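K.L.:
Need coordinates for the following:
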Amino acid sequence: MELNKKAWPLTTVFGIKDRIDTNPDYQRPPVWSLPQKQLLIDTILRGYDIPKIYWRKVEKNPDKYEVVDGQQRLRAIWEFMESKFSLGKNAESINGVDLKNVTYNGNNNKILPDDIRLSFDIYPLDVIVMTDTDEEEVREMFLRLQNGTTLKAQEKRNAMTGNMRDFVKQIASHKLFENCKFDNSRYTYDLITAQMIKVELEGGPCNVKNADLNKMYERNKDFDSNGNKAKKVNKVLSFLLRSFPVKTPELERYSTLSLYLVVSCLMEKYVYNGLEESIKNWFIKFESYRREQKKLDVDNCDPEILSYHDRTSHSTDSEDSLRWRNEYLLRKYLEYNPKIELKDNNRMFTHEQRLAIYRKNRGICQLKIKCNGKKCEWDNWEADHIIPWSKGGKTIVKNGQVSCPECNSSKGGS
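P.N.:
Presented below is the predicted three-dimensional model:
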């Protein structure tokens, strides 16, 4: 890699802006506020130094570049020169010239005087041009240059190399995310995507904190984007897109990941074909109920909704939080759709089905052969088929009931 430093006048840089890519895929999107842009322009107008800008030359004849560092500064300079914003109403004068609300060359009367514009135009921008570089060197340089800035963790992961990083970028463009309430500011889609992939790789709820995602990127640089895990991720997102084909305000960041887990689990254990509409109706009904409960005082609110609120507002990326939310939402869906069938007509009720059955019967024995309907403790009861499995009864919540061990053993074959 070769580095060549040159002083480029601002007008020269502005003149070739169409040949400068400020947004290569490892870069973060524009994040500067208007006051930050105004401060940069004020700094230049006063002749103060600003940090060097780094470009990578990617083509010749004509030369083309991509910005490795300094894209926020370049965007601010170009926007000012295009009169897309003015200096602030509190801008201090220069050599007695009032600069309040001044534009570069706007349609109003508040424009830069020619002598000040000239000094701005010829301001030397220190540009380091990188040549003879490969992709890994550029991304490493980007991360090192950003080390002292406020890059978010996902923005740093976006600059990594490897198949996992590329797969996350690919999945983050899935149309489902366009129908969610949240936007893609600072790679939010990539973050949620990475978390979805992590739980899929682990086979269920797990820690999806930044440190865990960093390790996933590092350990899966050779990830097979055509493998079974990758196909499963695509399958779940496609299912959710069929469930939510239009903008859905209920799809918050935390709920989208939870829904992914619910659908992923259903696909593993249950006959899920044709459930798209059912999932949508259940989820929107659940969210409506949750919002109504949230209006109540603590003493009158559903205690499980209170727990759900807590786990969606604190430590949302911990394994404990994800596991609780997943078990809770799975149970609520099975209560909503008690006829959903297990794959291969499994005789044994799943853990989620048992939860739904126990809640449905409030833990009270329904057989009443050896008891009068006693309350069973969670660790001492049986999930019984109402219509015996041996007689064609299905292993579904609707066909399940709570039985105390004594009554269940007295019933005989099931």
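
K.L.:
List phi and psi for residue 75.
P.N.:
When read as degrees, to the nearest 10, the backbone of residue 75 gives phi -60, psi -40.

K.L.:
Now do the same contact list for it.
P.N.:
22, 30, 32 (CB atoms under 8 Å, 6 or more residues apart in numbering). Bear in mind the C-beta positions are built from the backbone N, C-alpha and C, glycine included.

K.L.:
Can you give the distance of stretch 104-116 from its chain's centre?
P.N.:
Stretch 104-116 sits 43 Å away from the centroid of its parent chain (CA atoms, centre = their mean, to the nearest Å).

K.L.:
Identify each buried residue in it, please.
P.N.:
Neighbour counts over stretch 104-116 (16 or more other CB atoms under 10 Å) mark 104, 106, 111-112, 116 as buried.

K.L.:
ditto for stretch 302-313
P.N.:
305, 308, 311-312.

K.L.:
Residue 350 reaches residue 269, doesn't it?
P.N.:
Yes. With contact defined as CB atoms under 8 Å, residue 350 reaches residue 269; the gap is 5.9 Å.

K.L.:
and for those two, which residues touch both?
P.N.:
Residues within reach of residue 350 and of residue 269 at once, by CB under 8 Å, 6+ apart, are residue 342.

K.L.:
Which of the buried residues of stretch 302-313 sits closest to residue 176?
P.N.:
Nearest to residue 176 among the buried residues of stretch 302-313 is residue 312, at 19.5 Å by CB to CB.

K.L.:
contacting residues for the closest one?
P.N.:
Neighbouring residues of residue 312 by CB under 8 Å, 6+ apart: 254-255, 321, 325.

K.L.:
ok, now with 7 Å
P.N.:
Contact partners of residue 312, counting by CB atoms under 7 Å, 6 or more residues apart in numbering, are residue 254.

K.L.:
wait, is residue 383 part of a helix?
P.N.:
No. Per DSSP: H, G, I helix; E, B strand; the rest coil, residue 383 lies outside any helix segment and is strand.

K.L.:
Relative to residue 330, how far out is it?
P.N.:
Note on residue 383: its distance to residue 330, by CB to CB, to the nearest Å, is 15 Å.

K.L.:
repeat for residue 128
P.N.:
54 Å.

K.L.:
Downstream of the helix or strand of the chain with the lowest mean pLDDT, the next helix or strand is which one?
P.N.:
Using mean pLDDT, DSSP states H and E, the weakest-scoring helix or strand in the chain turns out to be helix 135-145, at a mean of 67. Per DSSP states H and E, the first helix or strand lying C-terminal to helix 135-145 is helix 153-158.

K.L.:
ok, and what's touching the helix or strand encompassing residue 292?
P.N.:
Using DSSP H and E, residue 292 maps to helix 276-294. Residues from elsewhere that reach helix 276-294, judged by CB under 7 Å, 6+ apart: 239, 242-244, 250, 259, 263, 301-302, 305, 308-309, 332-333, 336-337.

K.L.:
Identify the farthest-apart pair in those residues.
P.N.:
Among the contacts of helix 276-294, 242 and 301 lie farthest apart (CB to CB), at 33.2 Å.

K.L.:
Kindly provide the distance from residue 383 to residue 283.
P.N.:
Counting by CB to CB, the gap from residue 383 to residue 283 is 26 Å.

K.L.:
Over to residue 91?
P.N.:
Taking CB to CB as the measure, residue 91 falls 51 Å from residue 283.

K.L.:
Spell out which helix or strand contains the residue positioned nearest the centre of the chain, please.
P.N.:
The chain has residue 192 as the residue nearest its centroid, 2.5 Å off, counting by CA atoms, centre = their mean. Using DSSP H and E, residue 192 sits within helix 188-202.

K.L.:
which residues of the stretch 101-250 of the chain score low on pLDDT?
P.N.:
107-109, 134-137, 139-151 (pLDDT under 70).

K.L.:
now do 90
P.N.:
Counting by pLDDT under 90, the ranges of the stretch 101-250 of the chain that qualify are 101-102, 105-115, 128-161, 182-188, 210.
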